[in-house]
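# Curious how this folds, go ahead:
(one chain, ligands or ions: 3)
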Amino acid sequence: MKRDMDINSVNHPCFNAKARKKFGRVHLPVAPRCNIQCRFCDRKFDCVNESRPGVTSGVLSPYQALVYLDHVFEEKKNISVVGIAGPGDPFANPEQTMETLRLVRQAHPEVLLCLATNGLGIAPYIDELAELETGHVTVTVNAVDPAVGAKVYAWVRDGKRVVGPEEGAALLIERQLAAIKALKSAGIMVKVNAIMIPGINEDHIVDVAKEVSSLGVDIFNCLPFHENSGSSFSHIKEPTKAAVTAVRKEAGLYIKQMTHCARCRADAVGCLGEEASEGLMEKLKACERMPERPDSIWDLPKETCRVTDSTRPYVAVASMEGLLVNQHLGEARELMIYGKRDDGFVLVDTRATPSAGTGPSRWDQLSEVLTDCSTLLVSGIGETPEKALSRTGIDVNVIEGLIDEALGSVFEGRSLHAMVRRTPKKCGEECSGMGMGCG
Ligand SMILES: C[S@@+](CC[C@H](N)C(=O)[O-])C[C@H]1O[C@@H](n2cnc3c(N)ncnc32)[C@H](O)[C@@H]1O
Ligand code: SF4
Ligand code: SF4
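Ligands and ions are numbered 1, 2, ... in the order given. All right, here's what the predicted structure looks like:
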């Protein structure tokens with residue numbers, strides 16, 4: 001759908017408070033994974049009831065997102081910005097992010113493109129972002145001192161290497177500052193978000209403001225920590241309004257402040273603070289059920305492939321960080337769905353698992369979610385789900401080790417024997433369940 005809108009870079013409702021009543025934004029939730037773990041963040045992929053960052057009603061492929069965008073433009077005539085803000089990090093899913101931006105730019109040359117990222121993985125993409133005329137990037141910088149950063153970040157994944165808090169924070173900060181410099185050199189407007197977390201970094205926010213101001217950042221958004229029962233900071237309370245105002249005032253001595261941030265969901269749409277449209281959330285879910293690409297399923301080399309059924313070309317994996325098969329099915333809130341292409345394995349989707357407490361029907365629901373998967377790789381599973389899934393034709397394997405290695409075996413027809421977990425996790429012994437089966 002072509003639109004006739006005269007949009008210029010000042011019409012971004014987050015970068016310019018004056019634009020916030022007139023212009024809206026839409027976030028396309030195409031990036032489910034994350035390459036770091038902020039201790040305050042808990043992502044939810046199928047939730048209509050919570051309004052906070054990291055939450056979305058669904059995750060879309062780039063093509064699905066383009067179809068969804070047409071529905072958005074039809075319903076909302078004042079959208080000036082198309083952005084990607086997770087629900088994870090855009091550069092933990094760089095292929096999906098860049099493909100989405102390319103598709104949107106091609107179909108809608110008038111729109112402002114925008115991204116929110118932790119900055120770890122953006123560097124290789126900055127030139128292309130500039131070519132696509134991505135006008136606005138937000139980088140979340142919660143610390144510029146690695147000792148403070150180590151309190152905020154649990155781990156950081158750089159390629160295949162996962163590092164702990166101290167080394168991770170130092171690496172992340174170095175990448176963030178370099179990325180900000182490069183973004184500014186490429187002529188892109190940069191906003192820095194800094195989450196103010198009581199008892200963790202509240203005395204450090206002004207240092208962050210000073211540092212990023214020296215790099216030419218355009219605007220600074222000191223965002224109060226949003227209480228989050230699912231995160232490791234579940235015990236921390238939101239900072240008081242007075243404390244946030246005081247920090248913003250001091251930080252304002254160094255850099256322009258944003259004070260109207262609505263702490264939006266990863267699928268937010270409309271003007272800032274506007275209630276989510278039920279109709280559009282239904283459309284988003286409908287788009288999520290469409291084929292991921294117009295030509296849908298990739299051709300697999302059937303003669304060498306254990307995954308011989310072309311209606312089940314994918315493999316579902318339970319993993320805590322996307323590197324290892326290391327999660328019990330009962331603990332997995334999402335499964336990673338992998339496919340094979342000529343150039344290797346590719347994460348095609350991340351799917352929420354049905355929530356606990358619904359009894360055995362939970363596993364029937366899960367098998368519906370996995371109708372296009374031939375195989376499930378987990379590090380533990382209860383007897384009931386194993387039987388329920390196997391009944392529907394899914395090959396369930398309890399293994400441990402690198403995802404890439406396991407996918408190699410599955411897709412190339414080799415045995416998984418060497419990876420089989422010798423002492424399968426017993427129900428309730430190593431997971432957080434009650435030992436009652438994964439009900
Ligand atoms: C969900 S993230 C997605 C983009 C990217 N991963 C990032 O961190 O910038 C969007 C923004 O929400 C913030 N956020 C996440 N959880 C939050 C919380 N509990 N309280 C306040 N801000 C939060 C992030 O720090 C980030 O600035
Ligand atoms: S980088 Fe963004 S999505 Fe990732 S854990 Fe931090 S806030 Fe959440
Ligand atoms: S979270 Fe804040 S900066 Fe991001 S879109 Fe919402 S209002 Fe704008």
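# Do a quick rundown of the strands in the stretch 201-350 of the chain.
With DSSP state E, counting those that start in this stretch as the criterion, the stretch 201-350 of the chain has strands at 219-224, 269-270, 314-317, 324-325, 334-341, 344-352.
# Including mean pLDDT and mean neighbour count, could these go into JSON lines?
Placement of C-beta: from N, CA and C, glycine included. Shown next, in JSON lines, are those (pLDDT from 0 to 100; neighbours: other C-beta atoms under 10 Å):
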{"stretch": "strand 219-224", "mean pLDDT": "96", "mean neighbour count": "22"}
{"stretch": "strand 269-270", "mean pLDDT": "90", "mean neighbour count": "22"}
{"stretch": "strand 314-317", "mean pLDDT": "94", "mean neighbour count": "26"}
{"stretch": "strand 324-325", "mean pLDDT": "93", "mean neighbour count": "22"}
{"stretch": "strand 334-341", "mean pLDDT": "89", "mean neighbour count": "21"}
{"stretch": "strand 344-352", "mean pLDDT": "87", "mean neighbour count": "18"}
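# Nearest to ligand 1, out of those strands?
strand 219-224 (5.0 Å; C-beta to the nearest ligand atom).
# quick one on the thing from earlier: switch the strands of the stretch 201-350 of the chain over to TSV; also include distance to ligand 2.
Shown next, in TSV, are these (distance: least, C-beta to the nearest ligand atom, whole Å):
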stretch	distance to ligand 2
strand 219-224	10
strand 269-270	19
strand 314-317	19
strand 324-325	18
strand 334-341	13
strand 344-352	13
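# quick one, which of those is nearest to ligand 3?
When the strands of the stretch 201-350 of the chain are compared by C-beta to the nearest ligand atom, strand 219-224 sits nearest ligand 3, at 5.9 Å.
# and residue 23, what does it touch?
7, 11-13, 78-81, 271 (C-beta atoms under 8 Å, 6 or more residues apart in numbering).
# residue in the stretch 51-200 of the chain nearest to ligand 1?
Counting by C-beta to the nearest ligand atom, the stretch 51-200 of the chain gets nearest ligand 1 through residue 53, at 2.9 Å.
# Ignoring the adjacent residues along the chain, who's closest to that residue?
residue 263 (5.8 Å; C-beta to C-beta, 6 or more residues apart in numbering).
# thinking that neighbour is in contact with residue 222, fair?
No. In this structure residue 263 lies outside contact range of residue 222 using C-beta atoms under 8 Å: 12.0 Å.
# picking that back up, what's the spacing between the residue of the stretch 51-200 of the chain closest to ligand 1 and residue 159?
Distance, residue 53 to residue 159, using C-beta to C-beta, to the nearest Å: 26 Å.
# Same drill for those two, tell me which one is more crowded.
Neighbours were counted for residue 53 and for residue 159 using other C-beta atoms under 10 Å; residue 53 has more, 27 against 8.
# where does the more buried one land on pLDDT?
Per-residue confidence (pLDDT) for residue 53: 82.
# right, and the helix or strand after the host helix or strand of residue 388?
Element membership for residue 388 (DSSP states H and E) is helix 383-391. Next helix or strand after helix 383-391 toward the C-terminus (DSSP H and E): strand 395-398.
# quick one: strands adjacent to whichever helix or strand comes after that following strand?
Using DSSP H and E, the helix or strand that follows strand 395-398 in sequence is strand 401-402. Applying DSSP bridges, strand 401-402 is found paired with strand 324-325 (antiparallel).
# Count the neighbours of the residue nearest to residue 53 for me.
When neighbours are counted by other C-beta under 10 Å, residue 263 registers 18.
# picking that back up, closest one to residue 31 among the strands of the stretch 201-350 of the chain?
Taking C-beta to C-beta, strand 344-352 is the member of the strands of the stretch 201-350 of the chain nearest to residue 31, at 9.7 Å.
# Buried residues in the helix or strand that that closest one is followed by, which are they?
For strand 344-352, the following helix or strand on the C-terminal side (DSSP H and E) is helix 361-369. Neighbour-count burial for helix 361-369, counted by 16 or more other C-beta atoms under 10 Å, picks out 362-363, 366-367, 369.
# now helix 361-369, how far from the chain's geometric center?
Averaging C-alpha positions (C-alpha atoms, centre = their mean, to the nearest Å) puts helix 361-369 24 Å from its chain's average.
# Same check on stretch 198-217?
24 Å.
# So for it, mean pLDDT?
Across stretch 198-217, pLDDT averages out at 98.
# try stretch 177-185
Rounded mean pLDDT across stretch 177-185 is 98.
# Alpha carbons of that stretch, as CSV, please.
Taking Å, rounded to 0.1, in the frame of the first residue of the first chain, the C-alpha atoms of stretch 177-185 are listed here in CSV:
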residue,chain,number,x,y,z
LEU,A,177,30.8,3.7,22.3
ALA,A,178,32.4,2.7,19.0
ALA,A,179,29.0,2.1,17.5
ILE,A,180,27.7,5.5,18.6
LYS,A,181,30.7,7.2,17.1
ALA,A,182,30.2,5.3,13.8
LEU,A,183,26.5,6.1,13.7
LYS,A,184,27.1,9.8,14.2
SER,A,185,29.8,9.7,11.4
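# ok so, going back, isn't the residue of the stretch 51-200 of the chain closest to ligand 1 right up against residue 267?
No. Using C-beta under 8 Å, residue 53 makes no contact with residue 267, being 11.0 Å away.
# And stretch 396-405, what's buried?
Applying 16+ other C-beta under 10 Å to stretch 396-405 flags 396-401, 403 as buried.
# what does it rub up against?
317, 319, 322-326, 336, 338, 345, 375-381, 386, 389-390, 406, 416, 419-421, 424-425.
# ok, now how distant is residue 93 from residue 231?
21 Å.
# out of these two, which sits in the more crowded spot?
Comparing residue 93 with residue 231 by neighbour count (other C-beta under 10 Å), the higher total belongs to residue 93, at 25 against 20.
# For the more buried one, give me its contacts.
30-33, 347.
# Could you do residue 314 as well?
Listed by C-beta under 8 Å, 6+ apart, the contact set of residue 314 reads 307, 337-339, 348-349, 372-374.
# between those residues, which is nearest residue 102?
residue 348 (18.0 Å).
# Low-confidence ranges, this structure, go.
1-7, 45-49, 294-311, 422-439 (pLDDT under 70).
# Buried residues in the longest helix seen in the chain, which are they?
Secondary structure of the chain per DSSP state H: the longest helix is helix 165-185. The neighbour-count check on helix 165-185 (16+ other C-beta under 10 Å) flags 165, 168-173, 175-177, 179-180, 182-184 as buried.
# Spell out the residue ranges of the strands in the stretch 51-200 of the chain.
Secondary structure of the stretch 51-200 of the chain, counting by DSSP E, counting those that start in this stretch: strands at 79-84, 112-117, 134-140, 153-158, 161-163, 189-196.
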